[in-house]
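[1] structural data only, the sequence is not supplied:
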């Protein structure tokens, strides 16, 4: 195909896509059922992981729960079972390389080949707004969350290139959540999130196959403003809206 | 300050910044001298690292060169010394955690406190276009390069928050380079880069304190288009321009 034809094809597709996006604003999205689905949740003993497990339990999914905290994950499992879900729990310490490998190995055998063969499934990457925007004094955290966003995007591209369009992906990018991970957070850009509203946005993202779930959704606009505002204006904007918090505290110390 | 005043201040700053950016298009950027500066280069035994070392040597910097490959780094050192530079070499295997820690420890003691005390220096993070755009079949590579971009951005924010405006940062994001890292690369978005043009862009970025160096520079526009084009149009665009290559081959196998 020659370049002019390709350009024409692209422009027509671009116009069609904008029109499609506009129409979709007024059409309610289709929601998929999660009943009977096999769901693995990491970090299920606390915070967002636990609340997500409960939401899947309410929808009658079959749950596999991971956490470093035996007490926490068993508590979550008990609550899920009360809601009628079948639950298996594993204690996994993600700071120990061998434990991740051995448990991931079991999981890989159990999950990935079946997903690929059936061209069916959904992979959720829990990142953070810090995977798209940086904050001072959290260099390592931001780097790891940027990596999580990159992982999600590259995985999505690869599944698409392999024609596995039945395997969906979702990346969760919330701002600060009130789970005890940071102490006394405060930000001018909206309030600190409660776990429930993050999980509500995540579940909606999963059942409607959204690729990127920003909480709050206005983060999308902030991302665009980073691209088009000059540095001097951005610096002022940051000074005006920078989130503040006392300390980052580990999961363990809150237990 | 009340919100309305802050908004006004922001709008005035925004207009001023756009005007400033426009004027700067016609004013040649100030270039800093690199003569006598102490410069640490990792991966200096090959490709971009070696070519960068030679450029600093031409500018009479004092060099500290790291590489996994003893033969390679000594070859680079000999070439740099011919250009009149003083050179120290270290063999470091970045796949061995302990070696990074012990050599980084030496480096940290030698470099970072002095940089912070003097509020003077420049930190270059070598990332990749794959740290901003994803490519299928390179999930781990993309994730690590996204992390490198996140590291650069978070470090930049932190230095700014600490008032260390004398320590500059630059992040290098080139597309495929002809260094033997990928086999038979080809892309519709411009040609495969030669090492020399990447290093030329990097050196220009360093002496003019550019924060992000895209090679080719049009990558900036591609990044913006990712934000404003709908998914269907982007997918078509990717199909039309996707880079293709035979295999990713390690550094070792090319030696």
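    Sure thing, it's come through. Predicted model only: the values in this text are computed from it and were never measured.

[2] so, in contact with chain B or not, stretch A:166-174?
    No: contact of stretch A:166-174 with chain B (CB under 8 Å from any CB of the partner chain) is absent, the minimum separation being 11.6 Å. To be clear about C-beta, it is placed using only N, CA and C from the backbone, and glycine gets the same treatment.

[3] check which residues of that stretch are buried.
    A:167, A:168, A:169, A:170, A:171, A:172, A:173, A:174 (16 or more other CB atoms under 10 Å in any protein chain shown).

[4] contacts for the helix or strand containing the fourth one, please.
    Going back to what we said before, that points to residue A:170. Assessed by DSSP states H and E, residue A:170 sits inside strand A:167-174. Strand A:167-174 has contacts (CB atoms under 8 Å, 6 or more residues apart in numbering or on different chains) with A:115-116, A:119-129, A:131-132, A:148-149, A:152-153, A:155-156, A:159, A:193, A:198, A:201-202, A:205-206, A:209-215, A:219.

[5] if we go to 7 Å?
    Strand A:167-174 has contacts (CB atoms under 7 Å, 6 or more residues apart in numbering or on different chains) with A:115, A:119-129, A:131-132, A:149, A:152, A:155-156, A:159, A:193, A:198, A:202, A:205-206, A:209-215, A:219.

[6] residues near residue A:163, how many?
    8 (other CB atoms under 10 Å in any protein chain shown).

[7] could you report the pLDDT at it?
    Looking at residue A:163, its pLDDT is 92.

[8] ok, now the one 5 residues further on?
    Listed pLDDT for residue A:168 reads 96.

[9] ok, now residue A:187?
    56.

[10] look up phi and psi at the residue nearest to residue A:119 when sequence neighbours are not counted.
    Of all residues not flanking residue A:119 in the chain, residue A:166 sits nearest, at 3.7 Å (CB to CB, 6 or more residues apart in numbering or on different chains). Main-chain dihedrals, residue A:166, degrees, to the nearest 10: phi -90, psi -10.

[11] residue boundaries of the strands in the stretch 51-200 of chain A?
    Assigned by DSSP state E, counting those that start in this stretch, the strands in the stretch 51-200 of chain A fall at A:62-67, A:87-91, A:121-126, A:167-174, A:182-183.

[12] for residue B:2, which of those is the nearest?
    Of all the strands of the stretch 51-200 of chain A, it is strand A:182-183 that lies closest to residue B:2, at 27.8 Å by CB to CB.

[13] just want the phi and psi numbers for the residue nearest to residue A:164 when sequence neighbours are not counted.
    Counting by CB to CB, 6+ apart, residue A:164 lies nearest to residue A:119, which is 5.3 Å off, once chain neighbours are set aside. Main-chain dihedrals, residue A:119, degrees, to the nearest 10: phi 50, psi 50.

[14] would you agree residue A:119 is in contact with residue A:162?
    No: counting by CB atoms under 7 Å, residue A:162 is not a contact partner of residue A:119; they are 9.3 Å apart.

[15] what's the neighbour count on residue A:113?
    Neighbour count for residue A:113, taken as other CB under 10 Å: 10.

[16] meant to ask about residue A:2, not that
    7.

[17] ok, now residue A:100?
    By other CB under 10 Å, the residues close to residue A:100 number 16.

[18] does it touch residue A:68 like I think?
    No: the criterion here is CB under 7 Å, and residue A:100 misses it with residue A:68 at 10.8 Å.

[19] quick check: neighbours shared by these two?
    Once CB under 7 Å, 6+ apart is applied, the residues that residue A:100 and residue A:68 both contact turn out to be A:92, A:94.

[20] which residues sit against stretch A:138-152?
    A:125, A:127-128, A:130-132, A:134-135, A:169, A:171, A:248, B:134, B:139, B:142-147, B:149-151, B:154-155, B:158.

[21] and the contacts of stretch A:94-114?
    With contact meaning CB under 7 Å, 6+ apart, stretch A:94-114 is reached by A:40, A:68, A:90, A:92, A:93.

[22] out of the residues you listed, which are buried?
    For these, buried by 16+ other CB under 10 Å: A:40, A:68, A:90, A:92.
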